[in-house]
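**Student:** Build the 3D model from these lines:
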Amino acid sequence: MNIAVYTLTSPLHNEEATNAVSAEFISEIEAMAGFGLDMKGKDFSEFGSSDLDLIFVRTGGTEGLFKEVFPSLEGRIVLLTSGKSNSLAASMEILSYLNQQGREGEIVHGSASYIAERITALAKVGMARKKLEGQNLGIIGRPSDWLISSDPDKEAIKRKLGINLVDINIEELIEEYGRTEFMPSETDVNIPEGLKKYSKGAFRIYRALKSIIERYSLSGLTLRCFDLLDTLENTGCLALALLNAEGIPAGCEGDVPALVTMAIGQALTGTCGFQSNPSRIDPQTGEILLAHCTVPFNMVRSYRFNTHFESGIGIAIHGEIPEGDATIFKVSGDLSRHFCCPAEILRNQYENNLCRTQIVIKAKGSANSICRDYFLKNPVGNHHIVFSGDRTPLFEAFMASL
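**Tutor:** Below you'll find the model as predicted:
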C-alpha cells in the first residue's frame, strides 16, 4: 500500500527542531506499521493519487496554510497530528473549517500503535475503493420474488462505489449451459453416490457462469438460482461456492445488496464471506443460527455434499466454519444503511430441516443486545454476510468513506 504524507508547518516554528521531532514521530509509526510512509513535504500537487493521503499538521499556526491549499484538495481529508507544538489544536480548527464547508474529515491522533493501525485501515479502504471503481456485477435473472425489501438503487451504487450493475437474462445462462460440456478433469470424488447424478450438471452450471463472467467482464454476480430447479433440474450452490472460493463474489437468489456487501468485503479482505440468513434467534442469550447452502470452500475447515435444502435435489455444501472471531456485515440497496457487528462463531451444527451449512454465532460484549434488537426490530433484509475475523474497524472505516 502507498501512504503519502503532506506537511503543514508554521514559519514561526524552528524548522530544525520541528524536523527532528517529526522524524522521530514518523519513524515510530513506520516501525509499528511495518512499512514506510512516502513523505511529500509541502508540495500538494500529487494529493489524491495514493491509497491514502495524510496531511501532517506538524505545528500550530497552520490553519491559514491549510485554507490556501484547500481548494485543490478533493475527497475526505485525514489529518495526522503528533500532539506536539499545538498540532492537535490546529487540526481541530482545520477540521471544524472542513465541516463548515460541508466536507468530511478525521484527525488521526494517539499512540504510534493506534495511528499505525488506523492509517493501515484507511489505506486498505483507499485500495478497496480503487478496486471497486468500474467493476461490473451481474444480476442473472431478477431478484427472487420474496426479496421485497432488497431492491438495489443502481444510481446510488454507481455514484458511491463506482460499480456497474449489469442485468443478464437467465435464459442466457440456460443457453450457455446447453453449449457447455462436462470436463473429464472435473471429478466426482467425495460426492456421495446418491448425488452423482447431479454432479455433471452442477459443474456445467459453474462453467457456464464462468463463460458469462468472461463475456460481460464481471467481477461478481448474483443468480436467481431457484429458476434452475425446473429448467435444469439442478441448483447453483456448487457453482457459487466455487466462484466465491476463487475470489469472485457470487450470491444467491438475485440478492443485489448481499452481492454488493460481498464485493465490498472481498475488496477489503480478499475473501467473499458467507451469505446466510438467520434461522433462529434466542432473545435471551443473543445466539443466532445462520444457515445457507453456498459457503465458500476456502472458508471452511472441512465439508461434505448434500442436497439443496428446499428442493431436495442438486448439490449443496455442508461446511464446517472454524469457531472464533467473525463479523456480520450487510449494506442496504441504496447504501444509506449498513449493519456491522463483531461476533464469535460458537459452534457448527447440522439439522436436516435447514440449509446445509449452519453456524451458531453471537455478537460480542455490549454489541450483543444491539445485534439482537437489530435483527428483530430493524434488519437490512434477511441475508447477511459473515466474514472470518473481526473486520469491524475496517468495514466501518470503509462505510465512513462513502
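
**Student:** Run the chain-centre distance for stretch 393-402.
**Tutor:** 9 Å (C-alpha atoms, centre = their mean, to the nearest Å).

**Student:** how about it: buried residues?
**Tutor:** 394, 395, 397, 398, 401, 402 (16 or more other C-beta atoms under 10 Å). In short, each C-beta sits where N, CA and C put it, glycine included.

**Student:** Stretch 225-236 now?
**Tutor:** Neighbour-count burial for stretch 225-236 [16+ other C-beta under 10 Å]: 225, 226, 227, 228, 229, 232, 234, 235, 236.

**Student:** Provide the contact partners of it at residue level.
**Tutor:** 141, 144, 170, 174, 177, 198, 201-202, 205, 209, 223, 237, 240, 252-254, 293-294, 308, 310-311, 313-316 (C-beta atoms under 8 Å, 6 or more residues apart in numbering).

**Student:** which residues touch residue 26?
**Tutor:** 5, 37, 39, 56.

**Student:** and the first one, bridged to which residues?
**Tutor:** Per DSSP bridges, the residues bridged to residue 5 are residue 39, residue 54.

**Student:** What is the burial count for it?
**Tutor:** 20 (other C-beta atoms under 10 Å).

**Student:** now swap in residue 385 and tell me
**Tutor:** So residue 385, with other C-beta under 10 Å, has 26 neighbours.

**Student:** before we move on, the earlier item: show me just the buried residues among the contacts of residue 26.
**Tutor:** Looks like these have 5, 37, 56 buried, using 16+ other C-beta under 10 Å.

**Student:** My guess is the first one contacts residue 43. True?
**Tutor:** No: applying C-beta atoms under 8 Å, one finds residue 5 not in contact with residue 43, separated by 11.7 Å.

**Student:** ok, which stretches of the stretch 1-150 of the chain are strands?
**Tutor:** 3-8, 38-41, 52-57, 77-81, 105-108, 136-140 (DSSP state E, counting those that start in this stretch).

**Student:** re the thing from before, between the buried residues of stretch 393-402, which is nearest residue 107?
**Tutor:** Using C-beta to C-beta, residue 397 comes nearest to residue 107 of these, at 14.2 Å.

**Student:** show me what contacts that closest one?
**Tutor:** Taking C-beta under 8 Å, 6+ apart, we find residue 397 in contact with 121, 122, 124, 125.

**Student:** what's the helix or strand for it?
**Tutor:** Residue 397 belongs to helix 392-401 when assigned by DSSP states H and E.

**Student:** next one: that helix to chain centre, how far?
**Tutor:** Distance, centroid of helix 392-401 to centroid of chain: 9 Å (C-alpha atoms, centre = their mean).

**Student:** And stretch 3-13, by the same measure?
**Tutor:** 34 Å.

**Student:** Enumerate the positions of that stretch that are buried.
**Tutor:** Buried-residue list, stretch 3-13, by 16+ other C-beta under 10 Å: 3, 4, 5, 6, 7, 8, 9, 10, 13.

**Student:** Give me the mean pLDDT for that stretch.
**Tutor:** Averaging the model's pLDDT scores along stretch 3-13 yields 94.

**Student:** pretty sure residue 268 is in contact with residue 128, am I right?
**Tutor:** Yes: counting by C-beta under 8 Å, residue 128 is a contact partner of residue 268 at 4.7 Å.

**Student:** what is in contact with the two at once?
**Tutor:** residue 398.

**Student:** follow-up on the earlier one: which among the buried ones among the contacts of residue 26 gets closest to residue 287?
**Tutor:** Once C-beta to C-beta is applied, the member of the buried ones among the contacts of residue 26 that ends up nearest residue 287 is residue 37, at 43.5 Å.

**Student:** For the stretch 151-300 of the chain, which residues score under the pLDDT cut-off?
**Tutor:** 184-189 (pLDDT under 70).

**Student:** What separation is there between the nearest residue to residue 177 once chain neighbours are set aside and residue 170?
**Tutor:** Distances taken as C-beta to C-beta, 6 or more residues apart in numbering put residue 208 closest to residue 177, at 4.4 Å, once the chain neighbours are dropped. Separation of residue 208 from residue 170 (C-beta to C-beta, to the nearest Å) stands at 11 Å.

**Student:** what are the ranges of the helices in the stretch 301-402 of the chain?
**Tutor:** 367-377, 392-401 (DSSP state H, counting those that start in this stretch).

**Student:** Just the buried residues of the longest one, please?
**Tutor:** In terms of neighbour count (16+ other C-beta under 10 Å), helix 367-377 has its buried residues at 367, 368, 371, 372, 374, 375.

**Student:** Pretty sure the last one sits against residue 281.
**Tutor:** Yes: counting by C-beta under 8 Å, residue 375 sits close enough to residue 281 to count as a contact (5.7 Å).

**Student:** Confirm for me that residue 60 is in contact with residue 10.
**Tutor:** Yes: proximity of residue 60 to residue 10 meets the contact threshold set by C-beta under 8 Å, at 6.4 Å.

**Student:** Spatially central residue for the chain, please.
**Tutor:** residue 265 (1.6 Å; C-alpha atoms, centre = their mean).

**Student:** give the contact list for that one.
**Tutor:** 249, 271, 272, 273, 329, 385, 387, 391, 395.

**Student:** how near is it to residue 395?
**Tutor:** Taking C-beta to C-beta, one finds residue 265 at 7 Å from residue 395.

**Student:** Are there residues contacting both of the two? Which ones?
**Tutor:** Contacts common to residue 265 and residue 395, judged by C-beta under 8 Å, 6+ apart, are residue 329.
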